[in-house]
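**Q** let me see the structure of the following:
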Amino acid sequence: MEIRIGITQVARELELEMEDNTDAAKLATQIEKSLNAGEGMLWLSDRKGRKVGVPSAKVAYVEIGSNADSYRVGFGKS
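**A** Have a look, this model is predicted:
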């Protein structure tokens with residue numbers, strides 16, 4: 001599953017690949033709770049184990065998508 005986060009005053013989106021078995025509804029609830037808290041950080045961990053934090057006040061939007069591999073085009077080893 002792929003997540004895109006738009007950050008205010010930043011031209012690029014932040015893209016994270018989550019574990020394939022991530023529950024989108026639970027993730028959306030977690031993100032919503034973090035953003036509703038106002039001050040603080042939105043912390044997410046990607047499939048490689050990296051933790052990424054974004055200040056909640058700077059989040060412009062969050063897009064939760066399906067499996068990123070389903071629309072990739074190109075050559076590569078799976």
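
**Q** tell me which strands and helices the helix or strand hosting Glu15 is in contact with?
**A** Assessed by DSSP states H and E, Glu15 sits inside strand 14-17. Packing contacts for strand 14-17, counted by 3 or more C-beta pairs under 8 Å, 6 or more residues apart in numbering; DSSP states H and E, involve strand 2-7, strand 51-55. Every residue, glycine included, has its C-beta placed from N, CA and C.

**Q** so what's Val62 bridging to?
**A** Ile5 (DSSP bridges).

**Q** could you point out where this structure is predicted with low confidence?
**A** Along the chain, segments meeting pLDDT under 70 span 66-78.

**Q** centre of the chain versus the strand holding Glu15, how much separation?
**A** 5 Å (C-alpha atoms, centre = their mean, to the nearest Å).

**Q** can I get that strand in CSV, CA atoms only?
**A** What follows is strand 14-17, C-alpha atoms only, in CSV (Å, rounded to 0.1, in the frame of the first residue of the first chain):
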residue,chain,number,x,y,z
LEU,A,14,6.2,12.5,0.7
GLU,A,15,5.6,8.9,-0.5
LEU,A,16,5.8,5.9,1.7
GLU,A,17,5.3,2.2,0.9
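
**Q** let me know the next secondary structure element after that strand.
**A** helix 24-36.

**Q** quick one: buried residues of the helix or strand that that following helix is followed by?
**A** Scanning forward in sequence from helix 24-36 by DSSP H and E, the next helix or strand is strand 41-45. Within strand 41-45, the residues that count as buried by 16 or more other C-beta atoms under 10 Å are 41-42, 44.

**Q** now for strand 41-45, which elements pack on it?
**A** Strand 41-45 packs on helix 24-36, strand 51-55, going by 3+ C-beta pairs under 8 Å, 6+ apart.

**Q** nearest to Met1, of these?
**A** helix 24-36 (6.6 Å; C-beta to C-beta).
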